[in-house]
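Asker: okay, here's the prediction I keep looking at, along with the sequence it came from:
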Amino acid sequence: MTAEYRGGNSRSLAKKLDQSSHCVAILDQKATILFANSSLCRLAKVEATQLVGKQCLGNIGSDEEPLANLLSLLAPPANARQGQFAWRQLTTPPVFGSSISGQLFTPLLGDSGEVWLTIVYLGEWEQIKGQMLSVQGTPALGRRSEEQVLANLRSRWKTLAPFTPLIGESPAIDLAMTRAQLAIQNDCNVLISGAAQTGKQEVVEAIFARRLRLASTPVHSGRLFPIECGVVDAELLSGMLEVFSGRRLEGVPRGSQQLLLDNLQLLDLDCVEVLTDWYSSQQNTCSLAATLQTSHRPAANPLHSVTNEFSQRGGKWPKLLSILGQIDIHLPPLSERREDIAPLATQILSDFCSRQQKPQMRFSLDALDLLSAYTWHRNLIGLREAIESAVERAVLVPTLQVEHLPTAIRTFASSAGQPHARVQPIEMDTVLLELETLMLKRALKLSPRNRAQVARLLGISRPRLLRRIEQLGLEPPQDATPQSPRPSS
């Protein structure tokens, strides 16, 4: 009979943590607080009973939760949720006068490799950085720089979901992020230019939502009125502007009443004149935002380059661009910001898994290298579709490998060096058969002795499972018996 051994001294451990002068919290796998020491309670000015049981998320609104700032501060970043050490510097202390300037997240793994507990430590950044740099050579630490990039961006934005197009550390994206923050703080007009499908409209909507939140304006009081410039003429545009004017509310900030002009480059001269005259008559009671698709690489000053191009069209284009260009943001294509693709893909993967209520996944280094090298003619849209397709292919695995990526990306590296090589046709039946065999082998490995369990994992009946096992030759039939050779006469 196997003896059972029980641990002890849990009270001594809790007492020791409680005596620490640094803020310490212990979270479970759902980021729910299990323990908060006295230093953390003093920082929050609440009793431990008010903290224990709270879930720490990075996007808790301050109007929904009194402890929102603290709970957001304790929320583990993506790399900590995936079992890696994480540390990051805080731009401002959580409480005025506090010496806390850094966070350290230490995950404890369970038997199957998932994060079981997370220890959160709040202290001085220089001390945390010194300790982490001394062990950064170990495999569990500093493995992927894209996670550190995302951690730094979260300290700047708190939540990255609305600002996905601005994820990265390239100079162009850093400038775009700085100007987006200026646009949030000021009720000014915004012009966002860039290549097709780079997320220009997403940035406009994210800036608008942040303005409402910063001004404590209820969502129902905000008016974001989109107009697709490619489908309107002067008469239709006049009617839509009249509708927008009629819906506008009085006594609210100018930035909460915004007209969004999507694909501004498609306006004709008559529409430009109608729009310019209408805005001049509004006496600064609303704000404008516009997206402008450009097909060329801009000069050092994107707005100057765009102004020169569209001024050649004549009419009131120069005046309209001067009205819109109070703050201009340029989003370059992914091919011009390859250093941003790895953190961008990591964040897109995390967001997609959260929306689909799937366990968090990660990329292998080889898969990230392929994503970073690909051309991405469809920019952000293409990257999102490729990642979502890879997640659907990856069944019962925590890491996206090269084989999970779409065929165009997997074959890109070899075809790039041989542009004139003949493209071989894909035998769909062979591909599906190989995929079925792979899934069967993986499920059989998870439950080698229980065929009913394997059938449930695959979502098929047990007789069909046994039939396919025999047809694919994954194991010999149960009624097959070896035959001894006949003796030669």
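Answerer: Arrived safely.
Asker: dihedrals phi and psi, Lys30?
Answerer: Backbone torsions for Lys30, taken as degrees, to the nearest 10, come to phi -100, psi 10.
Asker: that one is in contact with Gln55, isn't it?
Answerer: Yes: under the criterion of C-beta atoms under 8 Å, Lys30 lies in contact with Gln55, with a separation of 6.5 Å. C-betas here are computed from N, CA, C, even on glycine.
Asker: look at those two and report which has more neighbours.
Answerer: The neighbour count for Lys30 versus Gln55, taken as other C-beta atoms under 10 Å, is higher for Gln55 (15 against 8).
Asker: that one touches Leu34, doesn't it?
Answerer: No: judged on C-beta under 8 Å, Gln55 makes no contact with Leu34 at a distance of 11.3 Å.
Asker: so how far is Ser311 from the residue nearest the centre of the chain?
Answerer: The residue at the geometric middle of the chain, judged as the C-alpha nearest the mean C-alpha position with C-alpha atoms, centre = their mean, is Gln347 (2.8 Å). From Gln347 across to Ser311, the span is 38 Å (C-beta to C-beta, to the nearest Å).
Asker: same check, this time on Leu122
Answerer: Summarising the geometry, the distance separating Leu122 from Ser311, computed by C-beta to C-beta, is 54 Å.
Asker: which one of these two has more residues nearby?
Answerer: For Leu122 versus Ser311, the count of surrounding residues by other C-beta under 10 Å is larger for Leu122: 25 against 13.
Asker: contacting residues around Glu124?
Answerer: Applying C-beta atoms under 8 Å, 6 or more residues apart in numbering, we find Glu124 in contact with Ser99, Ile100, Ser101, Gly102.
Asker: distance check, it against Gly130.
Answerer: When C-beta to C-beta is the yardstick, Glu124 and Gly130 sit 10 Å from each other.
Asker: try Glu205
Answerer: The span separating Glu205 from Gly130 equals 41 Å under the rule C-beta to C-beta.
Asker: same deal with Gly382?
Answerer: In this view, Gly382 and Gly130 are 42 Å apart by C-beta to C-beta.
Asker: ditto for Ala455
Answerer: 54 Å.
Asker: ok, now His377?
Answerer: Taking C-beta to C-beta as the measure, His377 falls 45 Å from Gly130.
Asker: quick one: low-confidence parts of the chain?
Answerer: 1-8, 58-66, 91, 133-161, 295-307, 413-428, 475-489 (pLDDT under 70).
Asker: show me what counts as buried in stretch 230-248.
Answerer: Applying a neighbour-count criterion of 16 or more other C-beta atoms under 10 Å, the buried positions in stretch 230-248 are Val232, Leu237, Ser238, Leu241, Phe244, Ser245, Arg248.
Asker: contact partners of that stretch?
Answerer: Under the contact criterion C-beta under 8 Å, 6+ apart, stretch 230-248 has outside partners 223, 225, 227, 257, 259, 263, 266-268, 270-271, 273-275, 278, 282, 285-286.
Asker: just these: which are in helices?
Answerer: With DSSP state H as the criterion, helices contain Asp270, Cys271, Glu273, Val274, Leu275, Trp278 from among those.
Asker: thought the second one was touching Cys229?
Answerer: Yes: under the criterion of C-beta under 8 Å, Cys271 is in contact with Cys229, at a separation of 7.2 Å.
Asker: higher neighbour count, those two?
Answerer: It is Cys271, of Cys271 and Cys229, that has more neighbours when counted by other C-beta under 10 Å, with 23 against 20.
Asker: and Gly382 and Gly130? Which one has more around it.
Answerer: Set side by side, Gly382 and Gly130 give different neighbour counts by other C-beta under 10 Å, the larger being at Gly382 (18 against 10).
Asker: that one contacts Ala196, doesn't it?
Answerer: No: under the contact definition of C-beta under 8 Å, Gly382 does not touch Ala196, with a separation of 10.5 Å.
Asker: just the element for Leu34, please.
Answerer: With elements taken from DSSP states H and E, the one containing Leu34 is strand 33-36.
Asker: contacting residues around that strand?
Answerer: Residues lying outside strand 33-36 but in contact with it, judged by C-beta under 8 Å, 6+ apart, are 14, 17, 24-28, 48, 51-56, 74, 117.
Asker: quick check, distance from it to the centre of its chain.
Answerer: Relative to its parent chain, strand 33-36 has a centroid offset of 27 Å by C-alpha atoms, centre = their mean, to the nearest Å.
Asker: could you list the buried residues of that strand?
Answerer: Using 16+ other C-beta under 10 Å as the test for burial, strand 33-36 gives Ile33, Phe35, Ala36.
Asker: and after that strand, which helix or strand comes next?
Answerer: The first helix or strand that comes after strand 33-36 along the chain, using DSSP H and E, is helix 38-44.
Asker: how long is stretch 221-236 from one end to the other?
Answerer: Counting by C-alpha to C-alpha, to the nearest Å, the length from the leading to the trailing residue of stretch 221-236 is 25 Å.
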